[in-house]
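1. Quick one, fold the following:
(2 chains)
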Amino acid sequence: MKKLYAMIAGFLLFVIVVFGFDQYLDMQIMNNKGAVRNHRTYERFWSSETQKLVMDENTLPIFGSSELVSLEDYEENISSFLNSPDMNIVTIGGGYFQSLSHAMELGAISEEVESKKVALFLSPQWFEEMGVSKEAFPGRFGEENLLEFLANDRISDANKTYVLDRVLTLLEDSSIQRRRVERYKKAYENKISVDGIYMEVMHNYWKLRGKYSVCRQIDEMSQNVPEVDLKHMDFKEMLLVAEKQGKNNCTNNDFGIYDEYWDTYVEERYKAGEVKEKAEFYTDSIEYEDLRCFLQVAKELGIDVILVSIPVNEAWYIFQGMLCDKYYENIKMISKEYDNVVLVDMTKYADEKYFHKDVMHLGWKGWVRVNEALYKEFKKE
Amino acid sequence: MKHYIKNLRKNEKVQIIVYALGTCIICIFILMYLLGADISQAPTYIYSQF
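-> Have a look, this model is predicted:
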């Protein structure tokens, strides 16, 4: 009996230690707010607790994919920075992070989005027929986000069920993750059960693990994040700087693609010649439903979405016989279905040289234009 | 409770403290292992691509 009492006391002591450890992690993240906010790794993207700790009333969360990851050197590419006294950003997403992952994360962090605004960068490549691929999704899936999403009472059952079913479909080839999500689903349907306790334990575990993973990266984070004055920034002047940077980086082709990318990925295909038969791409995709889910979740949470429609590098895509006009039209139509959505339509710059840096990612001029539009929309009452 | 603890012999008190601390330390080790372990088991073949 004495041993049992001792073990219970030991376990209570352990709970106190964990609580203290959790507070310590919070403190570490809070003390390095700027650095953590600008650090772009999957571990941070997966940790909704971390996002909540680093946001303030001037923070605009930006959901997107690979265009968000390359945090360019400030001196090299001034246009990719949004860090000002009256506005800062926290980016969420890398390659293959798409509407479904973002819907979960939005549901997870919404309570701490003080500005009640978020931005979603849409890439046409998301809208392949099957949407996000089954091969990529398991490696991008954050369980903490799913569990926080499910715990959010303001999200409807219809959206929660849609997300759970989609996640289970996408985890078909990842049995260990899938088994856990199946248990979360059972727990969601019946909270007072063994699975309910399991979900609660796992929820706390993922939260602690997420913060711990971020804290382990603090030493590698850049502590000197440059600050700009967006309020007084001369964006026309910035466009001239961007034009110069673009010219310097693209010297071996007429498509506005930077030299190294051209040599590695594009030149071979260019030599094969222009594709004469043109066809519309990205017209039918399950991603449209995932996008609608994201927008509905935002609406339920009272969040305004700045939907940024990023075009492809039109000159190159037409050369490849790929047209995206129907896709651009679809996005316009969807944005009109929701009164909490403002469309920042960048498709008019699809053929602007140096808007992109390669065939799809935002480049020098693209970032200037997007940053200007984001700042204006963020500051709009 | 106070009375119970008071009545324990010294070596019994030491034994309880050792057990309690042992339990706590084992739990901490398990937690630290789990925090660092790859329990997600997600396929990683596209992981490295941003």
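
2. Count the neighbours of A:His232 for me.
-> 7 (other C-beta atoms under 10 Å in any protein chain shown). To be clear about C-beta, it is placed using only N, CA and C from the backbone, and glycine gets the same treatment.

3. and what of A:Gln51?
-> Applying other C-beta under 10 Å, we find 25 other residues in the vicinity of A:Gln51.

4. Pull up the residues of the stretch 51-200 of chain A that are close to chain B.
-> Residues of the stretch 51-200 of chain A found near chain B, taking C-beta under 8 Å from any C-beta of the partner chain as the criterion, are A:66, A:69-70, A:94-96, A:135-136, A:138-139, A:141, A:143, A:173-174, A:176-177.

5. Now, of those, which are buried?
-> With neighbours counted using 16 or more other C-beta atoms under 10 Å in any protein chain shown, these contain these buried positions: A:66, A:69, A:94-96, A:136, A:138-139, A:141, A:143, A:174, A:177.

6. From those, which land in helices?
-> Judged by DSSP state H, the subset of those located in helices is A:143, A:177.

7. Among the buried ones among the residues of the stretch 51-200 of chain A next to chain B, find me the one that's closest to A:His232.
-> Each of those was scored against A:His232 by C-beta to C-beta, and A:Val69 proved nearest at 28.6 Å.

8. Point out the other helices and strands that the helix or strand hosting A:Thr91 packs with.
-> Using DSSP states H and E, the secondary-structure element containing A:Thr91 is strand A:87-92. Using 3 or more C-beta pairs under 8 Å, 6 or more residues apart in numbering or on different chains; DSSP states H and E as the contact criterion, the secondary-structure elements in contact with strand A:87-92 are helix A:33-37, helix A:48-54, strand A:59-63, helix A:364-379.

9. Distance to A:Phe235 for the ones you listed - can I get that in TSV?
-> Shown next, in TSV, are the helices and strands packed on strand A:87-92 (distance: least, C-beta to C-beta, whole Å):
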stretch	distance to A:Phe235
helix A:33-37	23
helix A:48-54	27
strand A:59-63	17
helix A:364-379	4
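
10. To A:Thr161, which of the ones you listed lies closest?
-> Minimum separation from A:Thr161 across the helices and strands packed on strand A:87-92 (C-beta to C-beta) falls at helix A:48-54, 20.3 Å.

11. mean confidence score for that closest one?
-> The predicted model assigns helix A:48-54 a mean pLDDT of 96.

12. buried sites along that helix?
-> Neighbour-count burial for helix A:48-54, with 16+ other C-beta under 10 Å as criterion, is recorded at A:48-54.

13. tell me the helices in chain B, going along the chain?
-> Across chain B, reading from the start of the chain, the helices by DSSP H fall at B:2-7, B:10-36.

14. And the residue of chain B closest to chain A?
-> Nearest residue of chain B to chain A, counting by C-beta to the nearest C-beta: B:Thr23, 2.7 Å away.

15. Against A:Gly321, how distant is that residue?
-> Using C-beta to C-beta, to the nearest Å, B:Thr23 is found at 67 Å from A:Gly321.

16. More neighbours: which of those two?
-> When neighbours are counted by other C-beta under 10 Å, B:Thr23 comes out ahead of the other of B:Thr23 and A:Gly321, with 20 against 13.

17. Skip the chain neighbours and tell me the closest residue to that one.
-> With C-beta to C-beta, 6 or more residues apart in numbering or on different chains as the measure, A:Gly10 is the residue that lies nearest to B:Thr23, at 2.7 Å, once sequence neighbours are left out.
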